[in-house]
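Visitor: With the input below, show me the fold.
(one chain, ligands or ions: 1)
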Amino acid sequence: MILKSLSWRIGLSFAAFVLIGSIALVFVIDRQVARENELRFAELARTNAAFLARAKLPPSPYLDESLEQVLGCRVDFVTTRSNSGNEHPVKPADGTVYRREGRESVSVRIDDTTALVLSREVAASWTALRQRTTLSILATFWLLSGVSGWLIGRGMVQPLKNLAAQLPRIESREPLALDVAQRKDEIGDVARAFVATRRALQEERDSRERAEKLAVLGRMTTALAHEIQNPVAAIAMHAQLWKRDAGDQRESSVAERIELESRRIDDLLSQWLFLARPEPPASSSLSIAALVEQCIEATRAGLDHARVAVTFTADDAARVRGDAKRLSQVFRNLIVNAIQAMPRGGQLDIAVRSLASDGIVAVTIADTGVGFSETALARFAEFFFTEREGGMGIGLSVASEIVRAHGGELRVHNLPSGGACVMIELPHEGIERGIDAPRNA
Ligand code: ADP
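Guide: Numbers count the residues shown, from 1 in each chain. So this is what the prediction gives:
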């Protein structure tokens, strides 16, 4: 349990370090002191041997005794040559200290035949421990270790504790008390990473909450769209009947207006339902020329109202397999967009071509309006992108989704004369499209 705490682990490791360090320190000091004692002992022997050689004092028991009292160790005079005249082999008289049976001795030559031998008991180990210098070195080591331990604890353990205390607040929105994030070291990095993760989590939670709200709103709107669609269709149908039986011009134009506006509402609802629940398109053989012509007729009232003249060139061979309702939606959206781009009237050129050699059917819808802005050219296919006041930004995006669902492509560009041009390419029915087939724009 104790070892689970970082402070205890650091503390115990530190204590072990201090203990081992102290033992090593005392050992080194002890060895040093012993070495110095040996050197001093050898020096003592050399000095005394030199003195005896100069004074030419003959060895005697009296001299032995006096020297032992002065030097505090055993003193012997030994003959360095054996009876045969050879150098004595046992004790070297070269002033080096040697140890034997718990005693250390040093022997130094006085003259040709005699050597002075000093010997004493070897000092006990760890005697350095009793010396004041050793104790002060140890005390300084402990003091420095204590200060470093305290600094490490304060600089590492405390900030980590502070950080750990803040971790449970990762979910809360209250400001964090995290001064360690200011640090430039690794602990600061961890703290900054924590702050960044918390911010990312909060942003993610915010956007999830927003998405959940939007999803609820989406479900409500879809249900509402379903409910509204039937009455709107009924209004459009009755307006059409009323227009047919209208007594005068004024009545007829009111009925026409009602029909137009109800069809617009119906279009919007269909698009919304397509966005909310895109179902796979139905598939039947379609003449694109006929479909586009129907769309022109369906929007005729709007075109006339906006004083937009239409030219329509069609190739009857242009056939595709697809969903008539959805493709009509595409063409109606594009015609309505063109009308909106020409509020003071203009020219709308619609062409349907069958490019059988490329395996495609191409429809171009070109107007003489203001043309696409730079942003619209780049973002026209994004849902809810709009630059029009009161616009919803779903006309072009839904159109391009429907075309893509038919295996085709919708592209936009501006004409050199300034108007906008939308190009739709759909796979030609019954003709395999070559992968690298060049396209005639
Ligand atoms: P909305 O019409 O509701 O804005 P759309 O998706 O139909 O949504 O169009 C998105 C934007 O593309 C429009 O706001 C407009 O800026 C631009 N746009 C679409 N059609 C044309 C066009 N024929 N001429 C110029 N700009 C157009």
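Visitor: What is the burial count for T386?
Guide: T386 is flanked by 16 other residues according to other Cβ atoms under 10 Å. (Each C-beta comes from the backbone N, C-alpha and C, glycine too.)
Visitor: And V361, by the same measure?
Guide: Based on other Cβ under 10 Å, the number of other residues close to V361 is 28.
Visitor: Please export the C-alpha coordinates of the longest strand along the chain as PDB.
Guide: Longest strand in the chain, counting residues (DSSP state E): strand 346-355. Taking C-alpha atoms only, strand 346-355 is exported to PDB below (Å, rounded to 0.1, in the frame of the first residue of the first chain):
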ATOM      1  CA  GLY A 346     -33.200  37.400 -69.200                       C
ATOM      2  CA  GLN A 347     -32.600  34.400 -71.400                       C
ATOM      3  CA  LEU A 348     -32.500  30.800 -70.400                       C
ATOM      4  CA  ASP A 349     -31.000  28.300 -72.800                       C
ATOM      5  CA  ILE A 350     -31.700  24.600 -72.100                       C
ATOM      6  CA  ALA A 351     -30.100  21.900 -74.200                       C
ATOM      7  CA  VAL A 352     -30.400  18.100 -74.000                       C
ATOM      8  CA  ARG A 353     -27.800  16.200 -76.000                       C
ATOM      9  CA  SER A 354     -27.300  12.500 -76.500                       C
ATOM     10  CA  LEU A 355     -23.500  11.900 -76.500                       C
END
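Visitor: For it, name the packing helices and strands.
Guide: helix 288-298, strand 308-314, helix 324-341, strand 360-367 (3 or more Cβ pairs under 8 Å, 6 or more residues apart in numbering; DSSP states H and E).
Visitor: and that strand, is it in reach of the ligand?
Guide: No - Strand 346-355 does not reach the ligand (Cβ under 6 Å from any ligand atom); its nearest approach is 9.3 Å.
Visitor: Show residues contacting that strand.
Guide: 288-289, 292, 296, 303, 307-315, 317-319, 335, 338-339, 342, 361-369, 419, 428, 439-440 (Cβ atoms under 8 Å, 6 or more residues apart in numbering).
Visitor: now for the helices and strands packed on strand 346-355, which one comes closest to M392?
Guide: Each of the helices and strands packed on strand 346-355 was checked against M392 via Cβ to Cβ, and the shortest separation belongs to helix 324-341, namely 11.2 Å.
Visitor: Measure how that closest one sits relative to strand 360-367, angle-wise.
Guide: Taking axes from the mean of the first three to the mean of the last three Cα atoms, to 10 degrees, one finds that helix 324-341 is oriented at 30 degrees with respect to strand 360-367.
Visitor: and helix 324-341, how far from the chain's centre?
Guide: Its chain's C-alpha centre and that of helix 324-341 lie 45 Å apart, by Cα atoms, centre = their mean, to the nearest Å.
Visitor: model confidence over it, on average?
Guide: Regarding helix 324-341, the rounded mean pLDDT is 93.
Visitor: Alright, I will stop here.
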